[in-house]
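1. Sequence first, predicted model second:
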Amino acid sequence: MPSQPQGASRFHIFSWTLFDFANTAFYVIILTVAYPLYFKEIVVRGSGNGDFLWGATFSASMLVVALLSPILGAAADQGAGKKRFLLIFTLLCVFSTSGLFFVGEGMILWAMLLVVLANIGFEAGLVFYDAFLPELTTPASYGRVSGYGFAMGYVGSLTTLLVAFPLLRGGLVPENLLNVRASFVLAAGLFLVFSLPLFLFLRDRQVTGRLRLEFIRGGIQQVKTTFNGFKKYRNVGRFLLAYFLYADAINTVIIFSSIFARQTLQFDLQEIVFLFAIIQTSAMIGAALLGIAADRFGQKRTLSGVLVLWLLIVVAAFFVEDKTAFFIVGALAGIALGSSQSTSRSLMALISPQEKKTEFFGFYSFFGKASAILGPLVFGVVSSLATQRAAILSIGAFFLVGLIILRNVEEKPFTENPEHIPTIVRS
């Protein structure tokens, strides 16, 4: 285990990583495996706009998060505290996810609204969760500790799939729909239970008093000040632009993967569960091993290699016809998913100004979520006008342009006088 700053013990880091374990229950059941298929095949049954409606639902939630994230992050830096906001959004996700149990055929508005609220809770909470990273370890170990978190998340994904499998194995037939809906409540319960250690044991170093409206007002003013002076944060800006583009593609792959496997390759629900078990296993390995590699060889170099791998995956998915071959593509996608998420977070922690870390993770969230407004809509439109294969190939352009912009990002800590801080030398 890497060295930690004073007050950040191994137990604190473990408590932090358990939140990754917890929130992936929502990610797996609601965003990737069960609910997207339930939404398309049961809720909007008979509609030819299933892909478009699902993409629009996800995009709407990301728009709200994108607008809120920088302000909320700045408010936390003002003294409102990260843990308070994280608790509020966690509970929003948990209760909204539980409400999906009551959604049935034809309840399109409720099906969309509850997912919008749940995903706002999930994604907005990540702003404050991610911002704990610089308080837990030193810059030299950001990569591996971030990787530990994502690896724990993928352990959570596998655990969720294992526990939910008895509910999902019967598929989307009428006699099993109650079990499928019960899996939504299961996801909410796992999220709530395994998030508790963070709230009980992790110290929030930024709380200065009770939560007050002045914190939000101060956060808005701080965001305005940062935008006005963003010229001195150009390096962070370049990274965020690159992140905007490749995160767009990654988010789109995530939310349409089960629909693509079901409709284009004719996977049944059990095969989709097995596919995601493979993806989560390889993602766990990728997050852990490439997190260590990022500390050794550099966050930027590692991330660039991962984006090249994503390009190869998109091209392979376009041509694949065989289910077995798609399982292999899924395993590679898992490695790319785990390592790209982990390395992006650690690179952002490295290059951001430490006194504004939560605000800048708010911007990080803003760019990641704003990108997800466009990608799912593009996929839905291309899929409706052409094919799902054409839609998945189209997002390769986002990976390519993001990779090109990333080449101009300097991998070094932010300072008011950057000419005096050399690029980090690898040992």
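-> Now that the structure is in, tell me what you want to look at. Numbers count the residues shown, from 1 in each chain.

2. hey, let's count contacts and neighbours off CA atoms from now on
-> OK.

3. give the contact list for F89.
-> For F89, the contacting residues are I120, G121, F122, A124, G125, by C-alpha atoms under 8 Å, 6 or more residues apart in numbering.

4. Include pLDDT and secondary structure when you put these into CSV, please.
-> Formatted as CSV, those follow (pLDDT from 0 to 100; DSSP: H, G, I helix; E, B strand; the rest coil):
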residue, pLDDT, secondary structure
I120, 93, helix
G121, 94, helix
F122, 93, helix
A124, 87, helix
G125, 89, helix
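
5. JSON lines for these, including neighbour count and distance to F89?
-> Below are the contacts of F89 laid out as JSON lines (neighbours: other C-alpha atoms under 10 Å; distance: C-alpha to C-alpha, whole Å):
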{"residue": "I120", "neighbour count": "26", "distance to F89": "7"}
{"residue": "G121", "neighbour count": "26", "distance to F89": "4"}
{"residue": "F122", "neighbour count": "24", "distance to F89": "7"}
{"residue": "A124", "neighbour count": "31", "distance to F89": "7"}
{"residue": "G125", "neighbour count": "28", "distance to F89": "5"}
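
6. and the gap between I13 and R203?
-> From I13 across to R203, the span is 11 Å (C-alpha to C-alpha, to the nearest Å).

7. Give me the helix or strand of this protein that scores worst on average pLDDT.
-> Within the chain, no helix or strand scores below helix 213-228, which has a mean of 64 by mean pLDDT, DSSP states H and E.

8. Give me the buried positions along whatever helix or strand comes next after it.
-> Counting by DSSP states H and E, the next helix or strand C-terminal to helix 213-228 is helix 234-263. For helix 234-263, burial by neighbour count (16 or more other C-alpha atoms under 10 Å) applies to 235-262.

9. Against which helices or strands is helix 234-263 packed?
-> helix 35-38, helix 269-297, helix 323-351, helix 357-385, helix 396-406 (3 or more C-alpha pairs under 8 Å, 6 or more residues apart in numbering; DSSP states H and E).

10. Which of the ones you listed sits closest to N49?
-> Across the helices and strands packed on helix 234-263, the minimum distance to N49, taken as C-alpha to C-alpha, is reached by helix 357-385, at 7.7 Å.

11. shaky segments in the stretch 51-200 of the chain?
-> Confidence mapping of the stretch 51-200 of the chain against pLDDT under 70 gives the ranges 73-81, 143.

12. Return the residues in contact with I30.
-> For I30, the contact set (C-alpha under 8 Å, 6+ apart) comprises P36, T97, F184, A187.

13. for I255, that is, sorry about that
-> Contacts of I255 by C-alpha under 8 Å, 6+ apart are L31, T32, P36, G55, P376.

14. Quick check: closest non-adjacent residue to the second one.
-> In this structure, T32 finds its nearest non-sequential neighbour in I255, 5.5 Å apart by C-alpha to C-alpha, 6 or more residues apart in numbering.

15. ok, the one you found to S183 distance?
-> In this structure, I255 and S183 are 18 Å apart, going by C-alpha to C-alpha.

16. now swap in L347 and tell me
-> Distance, L347 to S183, by C-alpha to C-alpha: 35 Å.

17. got it, and A370?
-> Taken as C-alpha to C-alpha, the spacing of A370 relative to S183 amounts to 29 Å.

18. Give the burial count for the nearest residue to P139 once chain neighbours are set aside, as a bare number.
-> Using C-alpha to C-alpha, 6+ apart and skipping the chain neighbours, the partner closest in space to P139 is L350 (6.1 Å). A count of nearby residues for L350, using other C-alpha atoms under 10 Å, gives 24.

19. Can you name the residues that contact V193?
-> Residues touching V193, when contacts are defined by C-alpha under 8 Å, 6+ apart, comprise A22.

20. switch to 10 Å and redo it
-> For V193, the contact set (C-alpha atoms under 10 Å, 6 or more residues apart in numbering) comprises L18, F19, A22.

21. Could you pull up phi and psi at T264?
-> Main-chain dihedrals, T264, degrees, to the nearest 10: phi -80, psi -40.

22. isn't it right up against R389?
-> Yes - T264 is within contact range of R389, at 7.9 Å (criterion: C-alpha atoms under 10 Å).

23. Which one's more surrounded, these two?
-> Between T264 and R389, counted using other C-alpha under 10 Å, R389 has the larger neighbour count: 19 against 13.

24. can you tell me which helix or strand the more buried one belongs to?
-> R389 is part of helix 388-394 when elements are defined by DSSP H and E.

25. picking that back up, who has more neighbours out of A370 and S183?
-> When A370 and S183 are compared on other C-alpha under 10 Å, the one with more neighbours turns out to be S183, at 28 against 24.

26. didn't the more buried one look like it was pressed against L162?
-> No - in this structure S183 lies outside contact range of L162 using C-alpha under 10 Å: 11.5 Å.

27. mean confidence for the helix holding R389?
-> For helix 388-394, mean pLDDT is 83.

28. Contacts for that helix next, please.
-> With C-alpha under 10 Å, 6+ apart as the contact definition, helix 388-394 has outside contacts at 51, 249, 252-253, 256-257, 259-261, 263-264, 311, 313-320, 375-376, 378-385.
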